[in-house]
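# Dropping a prediction and its sequence here:
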Amino acid sequence: MKFTIQLESEFKKRVELLSNQKVLSCYQCGKCSAGCPIGYEMDHLPNKIIRMLQLGDSEVIKAKTPWLCASCQTCTTRCPREIDVARIMDTIRIIAQTENKAAIREIPIFNQIFLKSLELTGRVYEVGVIGAYNLFSLNLFKDIPLGIKMFLKGKLSLVPHSVGNLKGLFKRIREKDNSSVHHRDSEEKVIDYRQEKHLSDY
Amino acid sequence: MSKTGVFICHCGSNIAGVVAVEKVVESAKTLPGVKVAMDYKYMCSDPGQNLIINTIKEQALDRVVVGSCSPRMHENTFRMTIERAGLNPYRLEIANLREHVSWVHSEKASATDKAIKLVELAVAKVRRNEPLQKIYAEIEKRALVIGGGIAGIQAALDIAANGYKVTLVEREPSIGGRMSQLDKTFPTMDCSACILTPKMVAVAQNKDITLLTYAEVEQVHGYVGNFEVNINKKARFVSMTKCIGCGVCTEKCPSKKRLSEFNANIATRKAIYTPFPQAVPNIPVIDKDSCMYFATGKCKVCEKVCPAGAVDYTQEDEIITEKFGAIVVATGYDLYDHSSYGEYGYGEIPDVITGLQLERMINSGGPTGGHIKRPSDGKEPETVVFIQCVGSRDDAKGKPYCSRVCCMYTAKQALLLREHYPNSKAIVFYMDIRAAGKGYEEFIQRVQTEYGVLYLRGRVSRIYEKKDHLLVKGVDTLSGNQVEIKADMVVLATGLKPKKEAQNLAQLLHIGYDQNGFYTELHPKLAPVETQIAGVYLAGCCQSPKDIPDTVAQSSATAAKVGALLSKERLEIEPMISEVNPLLCSGCRMCYNACPYGAIEMEDTEIRRGEIRCVAKVLVSVCKGCGVCVAGCYCKAIDLKGWTDRQLMEQIKVISYC
Amino acid sequence: MEKDINIIGFLCNWCSYAGADLTGLNRIIYPTNIKIVRIPCTGRMDPVLIMEAFHNGADGVLVSGCHPGDCHYTEGNYYWRRRHAVLKRLLEFLGIDERRFQATWVSASEGKRFAEVVKKVVDDVRSWKKNE
Amino acid sequence: MYKVAYFPGCSLDSTAKEYGISTRLICKDLGIELLEIHAWICCGATTAHITSELMAAALPAMSLLQAEKRNLPICSPCSACFSRLKLADIDLKKNVQLRMDVAEVIGGEYKGTTEVLHLWQVIQKYGNLKPKKELKGLKVASYYGCLLTRPPEVCPDERIEDPQFLDNLVTSLGGEPVLRWNYKTQCCGAAFSLTKTDIVHRLSGEILKDARERDADCIIVACPLCHSNLDARQAEIKLNFSIPILYFTQLIGLALGYGYAELGLRKHFVQARGLLSLKGLL
Ligand SMILES: Cc1cc2nc3c(=O)[nH]c(=O)nc-3n(C[C@H](O)[C@H](O)[C@H](O)COP(=O)(O)OP(=O)(O)OC[C@H]3O[C@@H](n4cnc5c(N)ncnc54)[C@H](O)[C@@H]3O)c2cc1C
Ligand SMILES: Cc1cc2nc3c(=O)[nH]c(=O)nc-3n(C[C@H](O)[C@H](O)[C@H](O)COP(=O)(O)OP(=O)(O)OC[C@H]3O[C@@H](n4cnc5c(N)ncnc54)[C@H](O)[C@@H]3O)c2cc1C
Ligand code: SF4
Ligand code: SF4
Ligand code: SF4
Ligand code: SF4
Ligand code: SF4
Ligand code: SF4
Ligand code: SF4
Ligand code: SF4
């Protein structure tokens, strides 16, 4: 595949800002990919996602990988360069969802339903979530037998448990998120002055 | 009133082409304290220098300013000139009229104004110049080498070859260091013992080398040429003079076995032991902590069986104090302890071993007689996975640097495995291959193509312990695939780190260490074996990871430096150094803490009659004249000769009112 | 004619002073406003000296030494850097315009850079003087 | 009685009822009083943090704030909820801007003084555990999962790659832990419980198979999501064996002498009755 390297890619900058990670610190060792439990299903291994970001390849947003990421944090925990890979995956998902570019449809659907349940009742209403998910993802009968068994074991209830809706809260969150894409990390970075060799002027 | 002479040089047309030299001379004549001012075409030429000498004599000048090229060119020349006229050479200042005026300014009027100013500046400074005396120190013509690995051995032999006495102090019972633990050495694959043992013996037999094994440096005082060092010779409990090295004691010792440090913990040793058969000296020590006699008061078997009556339980540590002119630090390295790698089993999976352990196994003189046996069941492994950069290039583990030798030793070990067991498989996980030595890249190529060792590019995420094998989960980033390998044994190429307690020694010697704990050289390019402490030198892996060829080269370089130092009659020391006025010093220790060279001592001093206070004192032969202390002293008690506060103040005043 | 601005440059003997010599060897022209005082190391720079320069009427002060990590005396320029940070705040407090006091690194091989630094400092101090 | 603010989480009301039941049962014995947070709302789970950073912090912050107001530590038995609460707590502590934004949307500032604990930590630190019955001969593999052990900031154990706390619990109950079990922190695929069940089958299958290879009689878990993957989906995975999955609270319950039904063990898909009878624990 051919694409133009974009060292100043806006997309890369956005990911770095939102995730508070520096993709150029990755030296492509692949340890993230080696340990990823879902790696076998992914279209690009995690290290390649980081590589694509390094090169400013905005195709990343169309990758399936972030949607297959289980947020298990194995990559983050073991990265020798201390890059929070899982957070970068989150960030790509956040951006892809806002731009409606998610490569795997089911998962954003599930998210929407899950959040709807939350917004309406304050908690997750499993039967509703499962039912609605199957409906929207057109997997109508998926998990029905399991659901029935769960129901019989007294594990699923047919009426939602509600503690009141969260419409107000959700509205405020959305407003705040839409008002600006900003980078919230205000942690002071401690710079070891011996490290920066050529500090030109003050 | 001082009598200053000002000499302005035309430098052909280099200066005179831009600067109106006669105007500079005229103006100089009006400056306070100036007795004469003149110009000449080439001041540095013989007639020019003679002009200065004659004028000094005729006019009884006591200070000189030369307006010429940069002091970096000819300051020394003119110092010698005025010395020949009988002046103190430090009563000279140079006004840089070429590099800082005529060559960088084209407008004649303003360039001349600036030249006038710079001469005024120099005159102002020279007025405050004190006569300074060159400082000399005696040199003790003996060297101390700390650490008896290949680095220390080579340095000691080379220094002795230069004709100086050397004392070699080694912490362990035998010299030899890590190299004595290795099997073959890359890239030529010669046997480590075959090339090392003769050198060890040469050390023992050299009449100019005093070998102190099982000994450690405890205290260091003094400075270049005159170090006074306390060495603790630990009790060996075996007489060095009586023991004949027969080994009967070790054989008969009934103590519980301890893990053998020399064999990287894959074998055991007794309480009375020599680390390895070719040890130098070949005299055992009793390890008090494992000996039954020291624990319970019963046993004494070794004493009974010793044919030479060499065992002596009453021996005590002995402190030896000696003087040395130079010190070589060659304390080597330790290996990264992989028990912090949870993903590789916290060092608890028996069949995950280190490169050094493999060296011991593969060595025919080692505890397995040269057979590779996996620790869990003694089986000969078929598939061996090597993982590079363990505890190196890993910021998360606090080890950001490359250990420089593990790429090569991994390749060597993979080759040896394939050579020993042609049916075996060797798989190496690497990130990059660093093979920048002579013949190294060719070696790596050979290992891959001729020996069929498979190289996969990527780090391993985790090793899983299965019932009778290990499952290695890695990646090959080149093909973009995850890989899972069923392995019989995993060898970790653990990185090199500074010797434990390396920092203590650094503090004893006042030498620096970097953020990784390796000792810092004076200059990374141009003074790689010197330290910031004059007379203390580095060799080998204590300075940074390196292989044997580089270690030996560095050690010989160190020996050359030591030779250059010890061959001097006496030491000449630049006099532009700091000096404390004890009356003003409050004893705040600011300078003591700031000095990068440890040149300041706090000492009880009699300030006035009857008043004793602890004040700062500058060690004349240690101070390098950086002035860091001066700028930090709130009491203005310390000043830098040749760059005093008053001199700088005068200069500031002159420029500031332009 | 109005008095032109007057700047003192404190240059470390091992790096910046040598760098300034190289500017000369390369015949790179820069303004005459700067007068150079040679110091052994930026670590020698006592903040009092700089205060004194302003006190005596200097328009600007430049301090230049080796790049961090390259100090001839291994650590002198780190001391300077720490002192500089404190001094900067102090001068700010005293109302001395930040354009008047500058610090930089110039190595012995950066002759061209030295000329640029001088030009910048002179321009900065001029612009300060104009608004004064 | 040791008092703690209790955040059960959505699953304990549904798929993990027995976890809730056994938790309440044993806590009484151990001298721990669980004060359920009033009208608690869902922690947002994975969904929130792949949707919005603000939401991921705001939802748990509502519960943290309640606990803080009452000056109590907060605990959850669900690893997923614990992880969200703990990470939100960490983020809110170090990130001033986020803290202000969250305060604005939830209408109250969380100052960061609440200790966030997993139920296991509460039991270990404050529970007065006196087993009545030794779980002799029971070989137990402890499965910790991802959320309780990663990232390292949340992990209650220093040995993040081989945590020990559940194993130590097994030992203290007289059982036999499966030591150095490599799969104890391997991901079970919980995030894909509904959306990509094939992933769950594969990952959970590996875990179950390895536990069996190491002769475990049963697996204990500390998270409802792990439980439903390993238990409810075990039949779908098509193994040639079955292995009971217990909540660690149920294991404690057994040692305290509670009965099979009392501990909600009947609600499991893979019944442990046979095993427990065989070992004489019922
Ligand atoms: C597994 C492995 C394989 C290797 N294979 C090769 C190879 O094939 N080819 C190659 O070129 N290089 C190889 N190397 C590198 C080689 O080991 C080093 O280059 C070499 O040993 C460095 O020697 P040294 O004298 O600096 O340090 P060391 O060998 O560590 O010697 C230091 C000595 O100082 C002593 N000491 C330490 N502190 C004190 C103290 N305070 N007082 C007194 N004594 C002290 C120590 O006891 C030791 O004897 C290998 C390294 C490893 C780990
Ligand atoms: C592009 C490049 C960048 C580099 N950058 C760095 C760097 O940043 N840092 C670093 O550490 N290293 C760097 N190096 C490496 C560095 O150049 C060498 O390490 C160093 O110059 C070697 O010095 P030398 O004295 O051995 O050889 P040379 O510099 O080649 O000197 C040999 C001298 O011997 C003379 N000579 C040759 N034959 C004879 C003869 N028969 N009789 C008399 N005289 C003779 C030559 O004219 C020459 O003056 C770089 C190299 C290159 C190519
Ligand atoms: S583990 Fe870290 S450094 Fe290595 S490839 Fe992944 S993100 Fe990059
Ligand atoms: S967090 Fe996502 S990308 Fe990282 S290892 Fe887990 S599944 Fe893979
Ligand atoms: S006295 Fe100690 S060293 Fe000697 S034989 Fe007995 S145990 Fe061994
Ligand atoms: S038995 Fe005696 S002579 Fe022989 S090695 Fe031991 S101490 Fe030395
Ligand atoms: S030498 Fe090779 S294996 Fe060793 S740290 Fe460097 S790159 Fe890694
Ligand atoms: S030949 Fe030069 S560029 Fe190539 S690997 Fe070696 S050092 Fe690097
Ligand atoms: S800084 Fe000054 S006052 Fe303090 S100890 Fe040193 S010389 Fe004395
Ligand atoms: S001038 Fe420098 S070397 Fe000398 S005493 Fe002061 S700080 Fe130390």
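Ah, there it is. Ligands and ions are numbered 1, 2, ... in the order given.

# residue boundaries of the helices in the chain?
Just going to use chain A. A:10-19, A:31-35, A:46-54, A:65-68, A:74-78, A:85-98, A:106-121, A:126-136, A:144-152, A:167-179 (DSSP state H).

# oops, chain D please
For chain D, helices defined by DSSP H occupy the ranges D:17-30, D:45-49, D:53-69, D:79-94, D:96-106, D:119-126, D:165-172, D:197-213, D:224-227, D:234-237, D:248-255, D:273-278.

# buried ones in the first one?
By neighbour count, and taking 16 or more other Cβ atoms under 10 Å in any protein chain shown as the criterion, the buried residues in helix D:17-30 are D:17-27, D:29-30. Any C-beta I mention is one placed from the backbone N, CA and C, and that applies to glycine too.

# tell me the angle it makes with helix D:119-126.
10 degrees (axes from the mean of the first three to the mean of the last three Cα atoms, to 10 degrees).

# ok, which stretches of chain C are helices?
Counting by DSSP H, chain C has helices at residues C:16-25, C:47-55, C:76-93, C:111-131.

# residues in contact with the last one?
Under the contact criterion Cβ atoms under 8 Å, 6 or more residues apart in numbering or on different chains, helix C:111-131 has outside partners B:104, C:5, C:7, C:9, C:16, C:19-26, C:28-31, C:33-34, C:59-60, C:62, C:64, C:97, C:99-100, C:102, C:104, C:106.

# Give me the pLDDT value at the spatially closest residue to B:Thr477 that is not a sequence neighbour.
Spatial nearest neighbour of B:Thr477, chain neighbours left out: A:Gly30 (4.1 Å); criterion: Cβ to Cβ, 6 or more residues apart in numbering or on different chains. In this model, A:Gly30 is scored at 98, pLDDT.

# my guess is A:Gly30 meets A:Arg51, correct?
No - using Cβ atoms under 8 Å, A:Gly30 is not in contact with A:Arg51, being 9.9 Å away.

# B:Val18 contacts B:Lys108, doesn't it?
Yes - between B:Val18 and B:Lys108 there is a contact under Cβ under 8 Å: 5.9 Å.

# if you count what's nearby, which of those two comes out ahead?
Legend: neighbour count by other Cβ atoms under 10 Å in any protein chain shown for B:Val18 and B:Lys108, higher for B:Val18 (21 against 13).

# buried residues in stretch A:101-119?
Burial within stretch A:101-119, assessed by neighbour count using 16+ other Cβ under 10 Å, is assigned to A:102-104, A:106-115, A:117-118.

# Looking at A:Gly30 and A:Arg51, which is more packed in?
A:Gly30 (30 against 18).

# check contacts around the more buried one.
By Cβ under 8 Å, 6+ apart, the residues touching A:Gly30 are A:45, A:47, B:457-459, B:474-477.

# 10 Å - rerun?
The neighbours of A:Gly30, taking Cβ atoms under 10 Å, 6 or more residues apart in numbering or on different chains as the test, are A:45-48, A:50-51, B:429, B:431, B:456-461, B:474-478, B:480, B:482.

# residue boundaries of the helices in the stretch 101-250 of chain B?
Listed in chain order, the helices of the stretch 101-250 of chain B (DSSP state H, counting those that start in this stretch) span B:108-127, B:150-161, B:192-205, B:248-252.

# packing partners for the helix or strand encompassing B:Cys629?
For B:Cys629, the host element (DSSP states H and E) is helix B:628-632. Applying 3 or more Cβ pairs under 10 Å, 6 or more residues apart in numbering or on different chains; DSSP states H and E, one finds that helix B:628-632 contacts strand B:578-580, helix B:590-594, strand B:638-640, helix B:645-656, helix C:47-55, helix C:76-93.

# closest one to ligand 4 among the ones you listed?
Closest approach to ligand 4 among the helices and strands packed on helix B:628-632 is made by helix C:76-93 (39.9 Å; Cβ to the nearest ligand atom).

# and the residue of the stretch 51-200 of chain D found nearest ligand 7, how many neighbours?
Using Cβ to the nearest ligand atom, D:Glu161 is the residue of the stretch 51-200 of chain D that sits closest to ligand 7, at 21.4 Å. Residues lying near D:Glu161 (other Cβ under 10 Å) number 21.

# gap between the closest residue to it other than its chain neighbours and ligand 6?
Nearest residue to D:Glu161, sequence neighbours excluded (Cβ to Cβ, 6+ apart): B:Gly342, at 2.8 Å. Separation of B:Gly342 from ligand 6 (Cβ to the nearest ligand atom, to the nearest Å) stands at 44 Å.

# I appreciate the help and will end here.
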